[in-house]
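Asker: Need the 3D shape of this:
(2 chains)
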Amino acid sequence: MKHWATILCLLFTLSVGMAQENDAFQYGPRPPAPIFDPTNFLTPDQTAKIVIPLEAICARDGVDIFVVILPDIGDAPPEHVAGGFATAWCNQEMNAIILYSPSRKDSPWIVPGGRTLDLIKRPLIDKAISEAQHRAAREPFESGKIRAASTEAADLLRVWKGSTITQGEEIKSWRETLLAQRQNQFSGWKLIALAAGCAFIPSILVLWLLIRHLRQRGPRNFPQPVHAQRLGAPFCGGNSAAIDLESISGKS
Amino acid sequence: MSPQPETARRHSSRRTKAAHLSCPACHGAITGGASRCPSCQFTGADTMGMFPGNPPPLLPILDVANVWNVADVKLIENACASFRKRFPQFHWRFAAVDQPPTVPLNLLGFWLLNTATLVPPETQHDRAWTVLLILNRSNGNAAVIPGYAAEPWITDLGWRDILRSMREPWRMGDSGKAVVAFLSAAQKTLEREWKNIRPTKS
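Answerer: Next up, the predicted model:
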């Protein structure tokens, strides 16, 4: 049995190595469970403990965590290997590959993919992933390391998904607020312009009336008439008008 | 009391020609500078015989007949002050007498305006711009006698219309408001006359 397992491991390692070098590895359809363990490194019980929570998270939160267990990845960068699986099998929204190679002490690796890389700043991702990997690596058993890594990855992606939605909402809200402010400002200016337009003609009219009124104010002087005395009278010449104030007819 | 250049207006020569000069006794037409009425031979000296004695000083309000009470006097003074703000050249005198109905009121006013002594600070120039409104309490007659300088701006017919504005308050027994109505109507007429004369270019 050990002999066959060794052969299979070698064959798989060779095939992965060839896939890395020649890109000849055929991913085929996605496995029904979010785990690829061709060497049956994990027992069914261990697999179930990892897979069931991941399926539930994927169904509930849309976060796709896929576990890949390879006996050896050679010199290939873990990100490159994981990226291939993510592209082939994962949804492109929010995903992460948990790559584990028993021959490597620094595994498991958590490799996020999809829109995560577009929405979250790279330094933040690297820092969070590094810490999560470190925590997973401290598990005493192999299966525990894989399960811990998958749980850490699922938590991180769920948090990031929530935060990205929040950020998106914030951006949307901010844009709406800005738009509303601009609309308010525009409508304010429009109202001011309208009011100014409406007030212009009455203002001109009022100004004209005011100027006219001011020009008409003040004393009015008649020119001094040249007159000659009449009937020997020094101050008035006898012109007069008289009426009967008590007359009912209104005639004088 | 000289006209201010910025508000003075040049009057048309037709304006003085249009002013009808009449004899106060017979109301016949006379010419400017005539010493006697060509129709009735009336002269100003004749009034000295008609109204013997010295005339009283021509106070702004000369109320011999007790027509106006204190409130009326105040009302008239305020109306006069308001009028003079607009037409500062014009001086007003209001006299109320209680004479027999046979006394010709316009001749009495003519005599009063010509013979009353000038009381300082009144000057001859001021007297020429004076308009006398005289009322006879006994028969309710009213007459207006304008001085030489005041007469070209309102004709006798115009003055008659102005006097008619007094009728309603007078009949209601409000002699103070009657004078105020008279001043108001006179101001309106002078406003129209002032607009009809051309502004001075210089």
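Asker: need the contact list for residue 96.
Answerer: You didn't pick a chain, so chain A it is. Residues in contact with residue A:96 (Cβ atoms under 8 Å, 6 or more residues apart in numbering or on different chains) are A:63-66, A:86, A:110-113, A:116, A:153-154, A:156-157. For glycine as for every other residue, the C-beta is placed from the backbone atoms N, C-alpha and C.
Asker: hm, I was asking about chain B
Answerer: Residue B:96 touches B:62-68, B:134-135, B:137, B:175, counting by Cβ under 8 Å, 6+ apart.
Asker: which parts of chain A sit against chain B?
Answerer: Neighbours of chain B within chain A, by Cβ under 8 Å from any Cβ of the partner chain: A:218-247, A:250, A:252.
Asker: switch to 7 Å and redo it
Answerer: Neighbours of chain B within chain A, by Cβ under 7 Å from any Cβ of the partner chain: A:218-225, A:227-228, A:230-246, A:250, A:252.
Asker: PyMOL command for the buried members of those?
Answerer: Here the buried members of these are turned into a PyMOL selection, burial being counted by 16 or more other Cβ atoms under 10 Å in any protein chain shown:
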select buried, chain A and resi 220+221+222+223+224+225+227+230+231+233+235+236+237+238+239+240+241+242+243+244+245
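Asker: Looking at the residues of chain A next to chain B, which are in strands?
Answerer: A:241-244 (DSSP state E).
Asker: can you put those residues in JSON lines and add distance to residue A:210 and pLDDT?
Answerer: What follows is these, written out as JSON lines (distance: Cβ to Cβ, whole Å; pLDDT from 0 to 100):
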{"residue": "A:241", "distance to residue A:210": "38", "pLDDT": "91"}
{"residue": "A:242", "distance to residue A:210": "43", "pLDDT": "92"}
{"residue": "A:243", "distance to residue A:210": "40", "pLDDT": "93"}
{"residue": "A:244", "distance to residue A:210": "45", "pLDDT": "92"}
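Asker: ok, for residue A:117, nearest residue in space, not its chain neighbours?
Answerer: Nearest in space to residue A:117, with sequence neighbours left out and distances taken as Cβ to Cβ, 6 or more residues apart in numbering or on different chains, is residue A:125 at 7.1 Å.
Asker: Tell me the predicted confidence for residue B:83.
Answerer: Predicted confidence (pLDDT) at residue B:83: the value is 94.
Asker: Check which helix or strand it maps to.
Answerer: Using DSSP states H and E, residue B:83 maps to helix B:70-86.
Asker: Mind checking the pLDDT average for the helix or strand following that helix?
Answerer: The helix or strand immediately downstream of helix B:70-86 is strand B:91-97, counting by DSSP H and E. Across strand B:91-97, pLDDT averages out at 96.
Asker: Let me see the contact set for residue B:79.
Answerer: Shown in contact with residue B:79 (Cβ atoms under 7 Å, 6 or more residues apart in numbering or on different chains): B:180, B:183.
Asker: Which neighbouring elements make contact with the strand or helix carrying residue A:82?
Answerer: In this structure, residue A:82 sits in helix A:78-89 according to DSSP H and E. Counting contacts by 3 or more Cβ pairs under 7 Å, 6 or more residues apart in numbering or on different chains; DSSP states H and E, helix A:78-89 packs against strand A:64-69, strand A:94-100, strand A:109-114.
Asker: to the chain's geometric centre, what's the distance from the biggest helix by length in chain B?
Answerer: Taking DSSP state H as the criterion, chain B has its longest helix at helix B:175-196. Relative to the chain's own centre, helix B:175-196 is displaced by 12 Å; criterion: Cα atoms, centre = their mean, to the nearest Å.
Asker: is chain A contacted by it?
Answerer: Yes - under the criterion of Cβ under 7 Å from any Cβ, chain A is reached by helix B:175-196 at residue B:194.
Asker: CA atoms only: put that helix into CSV for me.
Answerer: What follows is helix B:175-196, C-alpha atoms only, in CSV (Å, rounded to 0.1, in the frame of the first residue of the first chain):
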residue,chain,number,x,y,z
SER,B,175,-63.4,127.1,9.7
GLY,B,176,-59.8,125.8,10.5
LYS,B,177,-60.1,122.9,8.1
ALA,B,178,-61.7,125.3,5.5
VAL,B,179,-58.4,127.2,5.5
VAL,B,180,-56.4,124.1,5.3
ALA,B,181,-58.5,122.9,2.3
PHE,B,182,-57.9,126.3,0.7
LEU,B,183,-54.1,126.0,1.1
SER,B,184,-54.1,122.4,-0.2
ALA,B,185,-56.1,123.4,-3.3
ALA,B,186,-53.8,126.4,-3.8
GLN,B,187,-50.7,124.2,-3.6
LYS,B,188,-52.1,121.8,-6.1
THR,B,189,-52.8,124.6,-8.5
LEU,B,190,-49.3,126.1,-8.1
GLU,B,191,-47.8,122.6,-8.7
ARG,B,192,-49.6,122.5,-12.0
GLU,B,193,-48.5,126.1,-12.8
TRP,B,194,-44.9,125.4,-11.9
LYS,B,195,-44.9,122.4,-14.3
ASN,B,196,-46.2,124.5,-17.1
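Asker: Kindly tell me how buried the residue nearest to residue A:117 is, as a neighbour count.
Answerer: Residue A:125 sits with 17 neighbouring residues when counted by other Cβ atoms under 10 Å in any protein chain shown.
Asker: between the helix or strand hosting it and strand A:109-114, how many degrees?
Answerer: Assigned by DSSP H and E, residue A:125 belongs to helix A:122-137. Here helix A:122-137 points in a direction 140 degrees away from that of strand A:109-114 (axes from the mean of the first three to the mean of the last three Cα atoms, to 10 degrees).
Asker: Show me which positions of helix A:122-137 end up buried.
Answerer: A:125, A:128-129, A:132-133, A:136.
Asker: Please apply the same query to stretch A:27-40.
Answerer: A:33-38.
Asker: Which residues does that stretch contact?
Answerer: Outside stretch A:27-40, the residues that touch it by Cβ under 7 Å, 6+ apart are A:8-9, A:12, A:47, A:50-51, A:54-55, A:58, A:65-69, A:71, A:85, A:88-89.
Asker: Would you list the buried entries among those?
Answerer: Buried subset of the contacts of stretch A:27-40 (neighbour count, 16+ other Cβ under 10 Å): A:9, A:47, A:50-51, A:54, A:58, A:65-69, A:71, A:85, A:89.
Asker: Just the closest of these to residue A:148, please.
Answerer: residue A:50 (9.7 Å; Cβ to Cβ).
Asker: helix or strand for the closest one, which one?
Answerer: Residue A:50 is part of helix A:44-61 when elements are defined by DSSP H and E.
Asker: starting at the chain centroid, how far to that helix?
Answerer: Put simply, helix A:44-61 sits 31 Å off its chain's centre (Cα atoms, centre = their mean).
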